[in-house]
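Q: Here is a sequence with its predicted model. Questions after.
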Amino acid sequence: ATTRYEAETSPAVCAGAIESNWAGYSGSGFCNGDNGTGGYAQFTVTAPAAGTATLKVRFANGTTAARTANIVVNGTTAGTASFEGTGAWNTWATKTLTVPLRSGSNTVRLAPTTSGGLPNIDYLDVETGDSNPQPTG
Ligand code: GCU
Ligand code: CA
């Protein structure tokens, strides 16, 4: 199952400002993180069982330089991501990542690693395995 977590919706945390001045976002806005390594976006996501989850981060980067981030799951860096320029701040793209989640509640923080900070972050889609898979066919 896939669940969408909007960056502007609590308990998500935007170390920056929730804004809506660039069109094309989902929900009511996006996270414009502070431009610096402190400008994170954090989501609280639920998994039905421990295992690998597929994350899709929707973002816009109107600069020509990629913006990089650590993917910090429950306080531990689980991977990195590079958010390339999308051509304009109102042009959104999706970056797919895989991370380990534990059963129940998890925090997933996009923690920027350069002075540019994050791209603007729209949402996180989380696809988890089924906790009780049933045979089909
Ligand atoms: C511009 C843009 C913001 C973006 C920022 C940035 O100010 O309007 O939406 O977050 O650049 O460089 O991060
Ligand atoms: Ca910003």
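A: Sure thing, it's come through. Quick caveat, the model's predicted, so the values are computed rather than measured. Ligands and ions are numbered 1, 2, ... in the order given.

Q: Show me which residues of this protein are close to ligand 2?
A: When proximity is defined as Cβ under 5 Å from the ion, the chain approaches ligand 2 at 32, 35. Every residue, glycine included, has its C-beta placed from N, CA and C.

Q: what's near enough to touch whichever residue of the chain sits closest to ligand 2?
A: With distances taken as Cβ to the ion, the chain approaches ligand 2 most closely at Asn32, which sits 4.4 Å away. With Cβ atoms under 8 Å, 6 or more residues apart in numbering as the criterion, the residues that contact Asn32 are 14, 16-19, 120.

Q: Run through the bridge partners of it.
A: Legend: beta-bridge partners of Asn32 under DSSP bridges are Ala17.

Q: For it, give its distance to Ser20.
A: For Asn32, the distance to Ser20 (Cβ to Cβ, to the nearest Å) stands at 10 Å.

Q: Check Lys95 too.
A: Note on Lys95: its distance to Ser20, by Cβ to Cβ, is 21 Å.

Q: Those two: who's more crowded?
A: Neighbours around Lys95 and Ser20, counted as other Cβ atoms under 10 Å, are more numerous at Lys95. The numbers are 16 against 12.

Q: check which helix or strand covers that one.
A: Remark: Lys95 resides in strand 93-101, with elements defined by DSSP states H and E.

Q: This structure: strands as residue ranges?
A: Taking DSSP state E, the strands of the chain run over residues 2-6, 13-14, 16-19, 30-33, 41-47, 51-60, 67-73, 76-83, 93-101, 104-112, 120-127.

Q: Turn the ones you listed into a markdown table, columns for mean pLDDT and distance to Thr136.
A: Formatted as a markdown table, the entries for the strands of the chain read as follows, by pLDDT from 0 to 100; distance: least, Cβ to Cβ, whole Å:
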| stretch | mean pLDDT | distance to Thr136 |
| --- | --- | --- |
| strand 2-6 | 97 | 18 |
| strand 13-14 | 98 | 38 |
| strand 16-19 | 98 | 41 |
| strand 30-33 | 99 | 37 |
| strand 41-47 | 98 | 22 |
| strand 51-60 | 98 | 19 |
| strand 67-73 | 98 | 30 |
| strand 76-83 | 98 | 31 |
| strand 93-101 | 98 | 23 |
| strand 104-112 | 98 | 27 |
| strand 120-127 | 98 | 18 |
